[in-house]
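Q: return a 3D structure for these sequence lines:
(chains A and B)
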Protein chains: 2
Amino acid sequence: MKAEIIAVGTELLLGQIVNTNAQYLSQGLAELGIDVYFQTVVGDNSHRLRHAIETARGRADLLIFTGGLGPTQDDLTKDVLAADLGLGLYIHGPSMEKIAHVFSSRGLHMVESNKKQALMIEGSDPLDNTAGLAVGNALKVAETAYVLLPGPPREMKPMFDGPVKEWLRKLLGDEKPLYSRLLKFAGIGESTLEDKLLDLIEAQTDPTIAPYAKEGEVAIRVSTKAASLTEANVRIDATVSAIQARVGDHLYAEENIPLEEAVVRLLRAGQQKLASAESCSGGLFSELITNVPGSSGEYIGGVVTYTNQMKHVMLGIPMSQLEGEDAPGAISESTAALMAERIREMTNSDYGVSLTGVAGPAESEGKPVGLVYFAIAQRGKATIVHTTHLSGNRSMIRLRAVKAVLYRLWQAIREQEHLQQS
Amino acid sequence: MKAEIIAVGTELLLGQIVNTNAQYLSQGLAELGIDVYFQTVVGDNSHRLRHAIETARGRADLLIFTGGLGPTQDDLTKDVLAADLGLGLYIHGPSMEKIAHVFSSRGLHMVESNKKQALMIEGSDPLDNTAGLAVGNALKVAETAYVLLPGPPREMKPMFDGPVKEWLRKLLGDEKPLYSRLLKFAGIGESTLEDKLLDLIEAQTDPTIAPYAKEGEVAIRVSTKAASLTEANVRIDATVSAIQARVGDHLYAEENIPLEEAVVRLLRAGQQKLASAESCSGGLFSELITNVPGSSGEYIGGVVTYTNQMKHVMLGIPMSQLEGEDAPGAISESTAALMAERIREMTNSDYGVSLTGVAGPAESEGKPVGLVYFAIAQRGKATIVHTTHLSGNRSMIRLRAVKAVLYRLWQAIREQEHLQQS
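A: Numbering: from 1, shown residues only, chains lettered A, B, ... in the order given. From the prediction side, this is the model:
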């Protein structure tokens, strides 16, 4: 079954609100195994809404509408669809009673236009609105099914999850639902990953392997239609193993969590502690780690030593290291190593990480924008120092630098744990 | 001119991401006086993309595409549009050089597919991508104009705001251009602000006053069509004065800068220094301040004392203040004050700020989620302490807490400077 989601509302076309309903419905339909091929947004205009309906009917067999079920003059989804199908409209008794009751119980006067919210297209099934007044409609005419939902997400969501899913399952008969698993990668670019998996992506038809682009992240979705989760998992596991064999060093999670959460989980499993000393990243490392709920068990804290003075006062790094003609300077491998080691020692942590570099827009200490040194100090082991040359604007350089540290930290913790297990 | 926005990407149809690009573009086009009649989302499928193009061409004269300009096999917007228009594709020299340079400077091997990002449709104008690799295209064929933008918002936004707006202004010809000024507010909610300005918003037809929705920010856009910037400024200035008279205490900028940038500018003007000590906000204050380019002149640095141990070790706060039956505890007014004072003294700054509270999801020290204390310590003046009760999830509470501190800090610096001037 092919679906099209049609959002009706001029406020969407003016950019006053974001069409989050389309996302919610798309996810829900995918779970039911229904493919969404198009999403359309159209204004509160009967001529253009009719055009959208006709276009959609030519390319989909399930049309899901959101919006335009309210009491105002601009609300015209039911009228336009009924006219288009040549069907009549009538006032739905139970819905009308509910509306009248809500008004009288609040001591409000019901105006004529409120009756519109109880309208039903002839031959449609009513969809109960547990969070609002407008009744939804669902009907099938010839080969096409139509579902009309209210626009406000708090009304739309329970209606979709309740009566609509039930209605759609009946419509689908016994089609199998789609199961999928998200694989998250770090330390590898989207195109390199796809290159390494190209033959798998092309050969594989079940489960399917699809790249999943998300801002600053690299992920892959493995999906299959199956009668049960157990049946799906058997097939998905086999595909994941094949992927693991090629790029396992970069696969940090088999669910939708950020890299920092994978790091916190590894630390938690090994009962280890982490602290940080940041310069160019200005607290972003801290911010990402502490955004993981419960990270206070693993992350002790950090310093943002944005000036040489701070590096000296807070971390005890000698000024002779930072300033003077022959000094390595704040932006150097040795300062990165010292920062990581000092914060680890001061906090008695298992890991201390540091970042120092040039986030831009101007160069610093005569060093170019994008040059970042970072270090990982480890209890009882040698400090690891990396040099990277990152591109992008200021915030991108900062984010990329922090993600690079997180990736290397994740590797270091994993290695350590493998050692302990063997 | 009638526009249609076409987002290309299967991840949108699967509900993996929300189409925020459509909102951003709709707002931007409205500002240029261009009507958006439809928004469409289509998957990475050449047949269906072609169908979307043909449908759109029948009902709009400007088609704006987002997505599908990347290096992977799924990226096919340029190929499909070129084929549809019967035009060829060629590799754009300058874009190819840039891509090759980025790869070589990172020491990475460029794979063949990366060349796709330098593709241009014959006869189109290149749109420079300042935040990524894929070059945009803009062209007019017969009566229809086409603009191809990358999907990631951080690449799409600067491309639209820069070269695309310029290109569209030329396309629109000699219509009087629209000038507008964005007013940014802090410490006031969107509905309260609108309430206080309601009569102005309703009465005003030129310049128009329009609330400007943006996640977590409160802003207003004052716009007028004029023959010159000077002519526009005279009218806009008068409107801004009327707004200033009512809500001047909250109006922190007359341009699109974040609150933290307004704070850094005030500090710079007064040659003052700032340091921070954060607990519940986990480095977010630091991160926002240091994301302002050049902030190292004003921001000395900070600590993220995520545990009591860190508050003691890094800031010298006595353990008797933090732990024990009769201790005020880490989450208290007096600890907030001590944190702000200690970091200010240690760094010899003019201002020291602190945050301590419960970002959730679980309560802490028996205190409820959303309770946040923050303090502003000032050289030679009494420390200001605030208590707030914030709602939202973990990241929202953190962001709201940091914005509250920034607002009170902005007020405190402004007051100080008024005192010095008088």
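
Q: what sits closest to A:Val36 if chain neighbours are left out?
A: With Cβ to Cβ, 6 or more residues apart in numbering or on different chains as the criterion, A:Val36 has its nearest non-adjacent residue at 4.5 Å, and that residue is B:Leu13. (Each C-beta comes from the backbone N, C-alpha and C, glycine too.)

Q: mind listing the helices for the stretch 101-250 of chain A?
A: A:153-159, A:165-172, A:190-203, A:229-247 (DSSP state H, counting those that start in this stretch).

Q: if we can go back for a sec, I'd say the residue nearest to A:Val36 and B:Val41 touch.
A: Yes - look at B:Leu13 against B:Val41 with Cβ atoms under 8 Å: they come within range, at 6.3 Å.

Q: anything in contact with each of these two?
A: Common contact partners of B:Leu13 and B:Val41 (Cβ atoms under 8 Å, 6 or more residues apart in numbering or on different chains): A:38-39.

Q: spell out which parts of the stretch 301-422 of chain A neighbour chain B.
A: Proximity of the stretch 301-422 of chain A to chain B, by Cβ under 8 Å from any Cβ of the partner chain, involves residues A:301-307, A:309-310, A:313-314, A:346-347, A:360-362, A:389-396, A:398.

Q: list buried residues within those.
A: Among those, those classed as buried by 16 or more other Cβ atoms under 10 Å in any protein chain shown are A:301-307, A:309-310, A:313-314, A:346-347, A:360, A:390-394, A:396, A:398.

Q: which ones among those map onto helices?
A: Counting by DSSP state H, the part of those found in helices is A:309-310, A:313-314, A:346-347, A:394, A:396, A:398.

Q: list the buried ones in stretch A:259-275?
A: Judged by neighbour count using 16+ other Cβ under 10 Å, the buried positions of stretch A:259-275 are A:259-267, A:272-275.

Q: I meant to write stretch A:344-356 there.
A: Neighbour-count burial for stretch A:344-356 flags A:344, A:346-347, A:349-356 (criterion: 16+ other Cβ under 10 Å).

Q: so which of the residues you listed belong to helices?
A: Per DSSP H, the buried residues of stretch A:344-356 map to helices at A:344, A:346-347.

Q: in a markdown table, list the buried residues of stretch A:259-275 along with distance to chain B, pLDDT and secondary structure.
A: Output for the buried residues of stretch A:259-275, formatted as a markdown table (distance: Cβ to the nearest Cβ, whole Å; pLDDT from 0 to 100; DSSP: H, G, I helix; E, B strand; the rest coil):
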| residue | distance to chain B | pLDDT | secondary structure |
| --- | --- | --- | --- |
| A:Leu259 | 16 | 96 | helix |
| A:Glu260 | 11 | 97 | helix |
| A:Glu261 | 12 | 97 | helix |
| A:Ala262 | 18 | 97 | helix |
| A:Val263 | 14 | 98 | helix |
| A:Val264 | 12 | 97 | helix |
| A:Arg265 | 16 | 97 | helix |
| A:Leu266 | 18 | 96 | helix |
| A:Leu267 | 13 | 97 | helix |
| A:Gln272 | 14 | 96 | coil |
| A:Lys273 | 9 | 97 | coil |
| A:Leu274 | 10 | 98 | strand |
| A:Ala275 | 8 | 97 | strand |
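
Q: closest to B:Asp79 out of those residues?
A: A:Leu259 (33.1 Å; Cβ to Cβ).

Q: A:Gln411 is in contact with that closest one, correct?
A: No - applying Cβ under 8 Å, one finds A:Leu259 not in contact with A:Gln411, separated by 11.1 Å.

Q: roughly how far does the closest residue to A:Met96 other than its chain neighbours sit from A:Pro163?
A: Nearest non-adjacent residue to A:Met96, counting by Cβ to Cβ, 6+ apart: A:Ala118, 4.2 Å away. Distance from A:Ala118 to A:Pro163, counting by Cβ to Cβ, to the nearest Å: 16 Å.

Q: swap in A:Ala327?
A: According to Cβ to Cβ, A:Ala327 and A:Pro163 sit 71 Å apart.

Q: now A:Glu143
A: According to Cβ to Cβ, A:Glu143 stands 22 Å off from A:Pro163.

Q: those two: who's more crowded?
A: Between A:Glu143 and A:Pro163, A:Pro163 has the larger neighbour count (other Cβ atoms under 10 Å in any protein chain shown), namely 19 against 7.

Q: so for the residue lying closest to that one once chain neighbours are set aside, what's the pLDDT?
A: Excluding the flanking residues, the one nearest A:Pro163 by Cβ to Cβ, 6+ apart is A:Leu127, at 4.5 Å. The model reports A:Leu127 with a pLDDT of 97.

Q: repeat for A:Ala56
A: Note on A:Ala56: pLDDT of 97.

Q: cool, and A:Ile397?
A: pLDDT at A:Ile397 comes out at 93.

Q: hang on, isn't it packed against A:Leu355?
A: No - look at A:Ile397 against A:Leu355 with Cβ under 8 Å: they stay out of range, at 10.6 Å.

Q: in terms of pLDDT, where does the residue lying closest to A:Lys273 once chain neighbours are set aside sit?
A: In space, and not counting its chain neighbours, A:Lys273 is closest to A:Ser349: 4.2 Å by Cβ to Cβ, 6+ apart. A:Ser349 carries a pLDDT value of 96.

Q: quick check: A:Ser349 vs A:Val234, distance?
A: Distance from A:Ser349 to A:Val234, by Cβ to Cβ: 42 Å.

Q: what's the answer for A:Leu32, then?
A: Distance of A:Leu32 to A:Val234, given as Cβ to Cβ: 22 Å.

Q: and these two? Which one has more around it.
A: Taking neighbours as other Cβ under 10 Å, A:Leu32 and A:Val234 compare with A:Leu32 leading, 17 against 12.

Q: my guess is that one meets A:Lys170, correct?
A: No - judged on Cβ under 8 Å, A:Leu32 makes no contact with A:Lys170 at a distance of 11.5 Å.

Q: how many other residues sit next to the closest residue to A:Leu266 other than its chain neighbours?
A: Among residues not flanking A:Leu266 along the chain, A:Ile413 sits closest, at 4.6 Å (Cβ to Cβ, 6+ apart). Residues lying near A:Ile413 (other Cβ under 10 Å) number 23.

Q: check contacts around A:Ile413.
A: By Cβ under 8 Å, 6+ apart, the neighbours of A:Ile413 are A:263, A:266-267, A:270, A:272, A:351.
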